[in-house]
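Student: Sequence and predicted structure below; questions after.
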Number of protein chains: 2
Amino acid sequence: MVTLKQLAKELNVSISTVSKALNNSEEIGEETVRRVKELAELYNYKPNKVALSLKNNKTKTIGVIIPNILNRFLAKVLFGIEREATKHGYNIITCISNESLEKEKEGLQLLANGSVDGFILSVAEETQMNNEIEHFKKTISQGLPIVMFDRVAHDVLCDKVIVDDFDATYNATKSLIEEGRKQIAFISNINDISVGKLRERGYNKAILETTNLEPLVLKVKKKDDHPKRIKSFFKKTKGIDGVIAADSSSGIIAINVAVGFGLKVPKDISVIGFSSKSESNHTMPKLTTIRQHAKVIGAHAAQLLINRMQNTLEDEDVKTKIVKTSLVKNKSTL
Amino acid sequence: MVTLKQLAKELNVSISTVSKALNNSEEIGEETVRRVKELAELYNYKPNKVALSLKNNKTKTIGVIIPNILNRFLAKVLFGIEREATKHGYNIITCISNESLEKEKEGLQLLANGSVDGFILSVAEETQMNNEIEHFKKTISQGLPIVMFDRVAHDVLCDKVIVDDFDATYNATKSLIEEGRKQIAFISNINDISVGKLRERGYNKAILETTNLEPLVLKVKKKDDHPKRIKSFFKKTKGIDGVIAADSSSGIIAINVAVGFGLKVPKDISVIGFSSKSESNHTMPKLTTIRQHAKVIGAHAAQLLINRMQNTLEDEDVKTKIVKTSLVKNKSTL
């Protein structure tokens, strides 16, 4: 790697001149600036990043730690973070924790070392299970702010962006009750994570506060044959006329199963799911879905972090932004 | 940030002793190692990363540049890279180019600056359109090897991992011809990228080398109502008895449209798509799919890069690894 000193020597000018020329200082003549930049380009000169970041105290880069890149919701949040960060002139670099506490710690350490100004992250499953938070606190105490989204650690004082999962299924279930549905089932393959539990509780509350309704819950495991389980659930439980699906697949499969049994959707049965816009095209009729606004969540997280990083106030209160879901009515409900 | 010097002063030992203790040198007594490490931990001491990487010439970190994180295939490749890298003790950090040449260049520059030992990337759409390759060549000339996957720049001499997209649709089309299908349609919403064009050419070759068959092609645009376009294509083109779908959605929608028209799948019509394992559950009957083995592609890319980085031979030939697709027969074909 070429240094400022070597460039200065070759051009027969001082190191300070080279440095000023590279920073477009007005003290230096145009011709010199041009010569310095040409040689720097030729030798592929790169300013020492750590030195620079120590000097400016800024990398203009955000570190993002994502638990699982195959989760479409998380991938969309990442997309939203990226777009918002770019708008404000920030780069992002991402590490994947793969739901592991150890990898989450490694990611924080790897990037905390002068590469980024702050972090946006969603907590890994293992970290949530072990209730570990020391590594987050340590990072914040080093002067690197953290914004958490979706899966957050309540005991860490930092800015957060969360979704109203409980309200989402509560309101969706209510809407089927208002349609006059009597046998409303809840189908989920995400029972193990906190978000899945919240969605089930929202459904249960709406059912239990209505007279004559009983909860009907099917929990599908990752290793199960998903369509087969839903098919036999429909066979066993006669008269299902409504479905709230907690994940991105169950609603789609429920419609196909219902159509396969000769039911008319939404005349005989209404279905609401958590699928994305493109996935809701996978059924006929089109699936009514609870939209989580993942990109909006990402944008809010980026805004909160950028505000925090640019703010000189040290002890300001932390903020928790709640992004409301919305029910997008398509043709699988009345 | 605390320095080695400050630690040495506080412990009343030499800088060299602190440095050796942190590196577990046998020259230093156990008790001293313990004291040094405790203080370093207390002050959250971090070795200067650029200095370290200049010294060891290794960061044990791979930079990955991904064009679009919402593309499920690319996300899966990233997952495969991550898993393989972890197995070999490498970290990965990821930048997203968002299909932009400028962001791709920025990502390379950001990480080339002492953060990573090499790159794995898939070329951004804009870069492919402009046929720009200088930034790749420059990175390689700096001593940072690149492995390209899926969307590769043929004019850059580096290791590559590619998919046999042409053969994939050629063979799939052949299999429908062998079933005795006479009106085989090709449906695609990825006409703009190189991979989409290859898939169409594979289909065309199989059709054109068979007497009495004619190509039937439907190109859907991103902004189109996808189910509507496929529905009217089926109405307009009487007697379709086979479908090859080039993307992850068209096959699923084609089955639902066929069922909606009262056709029996696969008795009256066979459908083959490019959907993932979980998406192929979205139809009844289950969709027969061309599996691309994205995670395997990621693993191969990581292996190639790690071999290249650990290899001292400078001018060895470059390798192109071809990952063969496979046809996973489910219930939507005979």
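Tutor: Perfect, thanks for sending it. Numbering: from 1, shown residues only, chains lettered A, B, ... in the order given.
Student: so A:Asn191 sits right up against A:Lys222, yeah?
Tutor: No - in this structure A:Asn191 lies outside contact range of A:Lys222 using Cβ atoms under 8 Å: 10.0 Å. All C-beta atoms are positioned from the backbone trio N, CA, C, and that covers glycine.
Student: which of those two has more neighbours?
Tutor: It is A:Asn191, of A:Asn191 and A:Lys222, that has more neighbours when counted by other Cβ atoms under 10 Å in any protein chain shown, with 15 against 9.
Student: Can you tell me the closest non-neighbouring residue to that one?
Tutor: Counting by Cβ to Cβ, 6 or more residues apart in numbering or on different chains, A:Asn191 lies nearest to A:Lys219, which is 4.9 Å off, once chain neighbours are set aside.
Student: got it, and A:Lys137?
Tutor: Using Cβ to Cβ, 6+ apart, the nearest residue to A:Lys137 is A:Val156, at 6.3 Å.
Student: does that neighbour sit in a helix, a strand or a coil?
Tutor: Here A:Val156 is recorded as coil under DSSP: H, G, I helix; E, B strand; the rest coil.
Student: how near is it to A:Asn68?
Tutor: Distance of A:Val156 to A:Asn68, given as Cβ to Cβ, to the nearest Å: 20 Å.
Student: for A:Ser122, same thing?
Tutor: In this view, A:Ser122 and A:Asn68 are 9 Å apart by Cβ to Cβ.
Student: So which of those two has more stuff around it?
Tutor: Between A:Ser122 and A:Asn68, counted using other Cβ under 10 Å, the more crowded position is A:Ser122 (25 against 18).
Student: which residues are common contacts for A:Ser122 and A:Asn68?
Tutor: Shared contacts of A:Ser122 and A:Asn68, defined by Cβ atoms under 8 Å, 6 or more residues apart in numbering or on different chains, are found at A:Leu74.
Student: Tell me the residues on the stretch 201-334 of chain A that lie near chain B, please.
Tutor: Contact residues (Cβ under 8 Å from any Cβ of the partner chain) of the stretch 201-334 of chain A with chain B: A:226-227, A:249, A:252-253, A:256-257, A:259-260, A:278-279, A:281-284, A:286.
Student: contacts for the helix or strand that contains A:Lys235?
Tutor: Assigned by DSSP states H and E, A:Lys235 falls within helix A:226-236. Helix A:226-236 is contacted from outside by A:185, A:187, A:189, A:218, A:220, A:240, A:249-250, A:253-254, A:256-258, A:260-261, B:278, B:281, B:284, B:286, using Cβ under 8 Å, 6+ apart.
Student: could you flag which of those residues are buried?
Tutor: Buried residues within these, defined by neighbour count using 16 or more other Cβ atoms under 10 Å in any protein chain shown: A:185, A:187, A:189, A:218, A:220, A:240, A:249-250, A:253-254, A:256-258, B:281, B:284, B:286.
Student: can you pull out the helices in chain A?
Tutor: A:4-11, A:15-22, A:30-42, A:49-56, A:72-87, A:101-112, A:125-130, A:134-141, A:165-178, A:194-208, A:226-236, A:250-260, A:294-310 (DSSP state H).
Student: can you list the residues of the stretch 1-150 of chain A near chain B?
Tutor: Listed as neighbours of chain B in the stretch 1-150 of chain A under the rule Cβ under 8 Å from any Cβ: A:44, A:46, A:48-51, A:54, A:61, A:69-70, A:72, A:75-76, A:78-79, A:82-83, A:86, A:91-96, A:98, A:103, A:106-107, A:110-115, A:138, A:141-142.
Student: Can you say which of those residues are buried?
Tutor: The neighbour count (16+ other Cβ under 10 Å) marks A:48-50, A:61, A:69-70, A:72, A:75-76, A:78-79, A:82-83, A:86, A:91-96, A:98, A:103, A:106-107, A:110-115, A:138 as buried among those.
Student: Where does pLDDT dip in the stretch 51-200 of chain A?
Tutor: For the stretch 51-200 of chain A, applying pLDDT under 70 flags the ranges A:51-57.
Student: and the residue of it nearest chain B?
Tutor: A:Thr94 (4.2 Å; Cβ to the nearest Cβ).
Student: residues in contact with that residue?
Tutor: Listed by Cβ under 8 Å, 6+ apart, the contact set of A:Thr94 reads A:63-66, A:78, B:93-96.
Student: Closest to B:Ala299 out of these?
Tutor: Within these, proximity to B:Ala299 (Cβ to Cβ) peaks at B:Thr94, which comes in at 16.2 Å.
Student: From A:Leu110, how far off is the closest one?
Tutor: Distance, B:Thr94 to A:Leu110, by Cβ to Cβ: 12 Å.
Student: Are there residues contacting both of the two? Which ones?
Tutor: What both B:Thr94 and A:Leu110 touch, as defined by Cβ under 8 Å, 6+ apart, is the set A:Cys95.
Student: A:Val243 touches A:Pro266, doesn't it?
Tutor: No - A:Val243 is beyond contact range of A:Pro266, at 10.7 Å (criterion: Cβ under 8 Å).
Student: Any stretches of the stretch 201-334 of chain A with poor pLDDT?
Tutor: For the stretch 201-334 of chain A, the stretches flagged by pLDDT under 70 are A:312-316.
Student: Now with 50, please.
Tutor: A:313 (pLDDT under 50).
Student: more neighbours, A:Val243 and A:Pro266?
Tutor: In this view A:Val243 and A:Pro266 are compared by other Cβ under 10 Å, and A:Val243 has more residues nearby, 31 against 22.
Student: What is the burial count for A:Gln128?
Tutor: Around A:Gln128 there are 18 residues (other Cβ under 10 Å).
Student: nope, A:Glu31 is what I was after
Tutor: Number of residues near A:Glu31 (other Cβ under 10 Å) recorded here: 8.
Student: Distance check, it against A:Val13.
Tutor: From A:Glu31 across to A:Val13, the span is 11 Å (Cβ to Cβ).
Student: and if you look at A:Lys87?
Tutor: Going from A:Lys87 to A:Val13 by Cβ to Cβ gives 38 Å.
Student: what do you get for A:Asp159?
Tutor: A:Asp159 sits 47 Å away from A:Val13, going by Cβ to Cβ.
Student: Good, wrapping up.
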